[in-house]
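S.K.: okay, predicted coordinates and the sequence, questions at the end:
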Amino acid sequence: AQKVTQAQTEISVVEKEDVTLDCVYETRDTTYYLFWYKQPPSGELVFLIRRNSFDEQNEISGRYSWNFQKSTSSFNFTITASQVVDSAVYFCALSAYFSNQFYFGTGTSLTVIP
Amino acid sequence: KAGVTQTPRYLIKTRGQQVTLSCSPISGHRSVSWYQQTPGQGLQFLFEYFSETQRNKGNFPGRFSGRQFSNSRSEMNVSTLELGDSALYLCASGGQGTDTQYFGPGTRLTVL
């Protein structure tokens, strides 16, 4: 069975602080994909990153970085120097290889206080 | 490229009615998936269509159905609406394999 756990329900940080959003997943598949999406108040899910299970390289994109560790089944997301515009709900998702059926975590609501 | 579009954006229905939601994927995308988002259950997969065929189906009752047309546009139908069907319904489009799914703005359905 596929399962994604985002234990942090809500996080508040002051602007310019760094924040890490945790994601732990469960799957019996040896090949799979992991994703992060951002959902601002408007409701649309915005794609942030996709990572396949063969690629454990960390990735950095501007203020965003992702740490993928197969050994701990985690795919954590860090925002450096947070900004008010980062306030949103962030979802981690898992899919089997060659499947577009996504399993989402329950999301982490991030509030950045000016 | 235009993004995923969904119509209508908002709907209010009463119990027992039926509703049809529409989704137009990104040009060139042949996969369309539907998700239901509620505060209690989060984001749940409804079904996926690829080239007019249902490829995957989530754990929802038969009142929830869908179809896909030859131009990849998809519709989702919910019959005999219940109060618990009130939700944000999100449509996503993607490619053939495990492609990145790009989501539309959603249709917010309220059942009274």
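M.R.: Everything's here; your move. Numbering: from 1, shown residues only, chains lettered A, B, ... in the order given.
S.K.: what residues sit buried inside stretch A:79-87?
M.R.: A:I79, A:S82, A:D86, A:S87 (16 or more other Cβ atoms under 10 Å in any protein chain shown). C-beta coordinates here come from the backbone N, C-alpha and C atoms, glycine included.
S.K.: residues in chain B within reach of chain A, list them.
M.R.: B:31, B:33, B:35, B:42-43, B:45, B:48, B:50, B:55-56, B:58, B:88, B:90, B:92, B:94, B:97-106, B:108 (Cβ under 8 Å from any Cβ of the partner chain).
S.K.: so which helix or strand takes in the spatially closest residue to B:Y35 that is not a sequence neighbour?
M.R.: Closest residue to B:Y35 apart from its sequence neighbours, by Cβ to Cβ, 6 or more residues apart in numbering or on different chains: B:L90 at 4.5 Å. According to DSSP states H and E, B:L90 maps onto strand B:87-94.
S.K.: contacts for that strand?
M.R.: Residues outside strand B:87-94 that contact it (Cβ atoms under 8 Å, 6 or more residues apart in numbering or on different chains) are A:43, A:45, A:100, A:102, B:4, B:6, B:21, B:23, B:25-26, B:29, B:31-38, B:43, B:46, B:72, B:74, B:76, B:100-104, B:106-109.
S.K.: mind checking which of the residues you listed are buried?
M.R.: A:43, A:45, A:100, A:102, B:4, B:6, B:21, B:23, B:25-26, B:29, B:31-37, B:43, B:46, B:72, B:74, B:76, B:101-104, B:106-109.
S.K.: among the residues you listed, which are located in strands?
M.R.: A:102, B:6, B:21, B:23, B:31-37, B:43, B:46, B:74, B:76, B:102-103, B:107-109 (DSSP state E).
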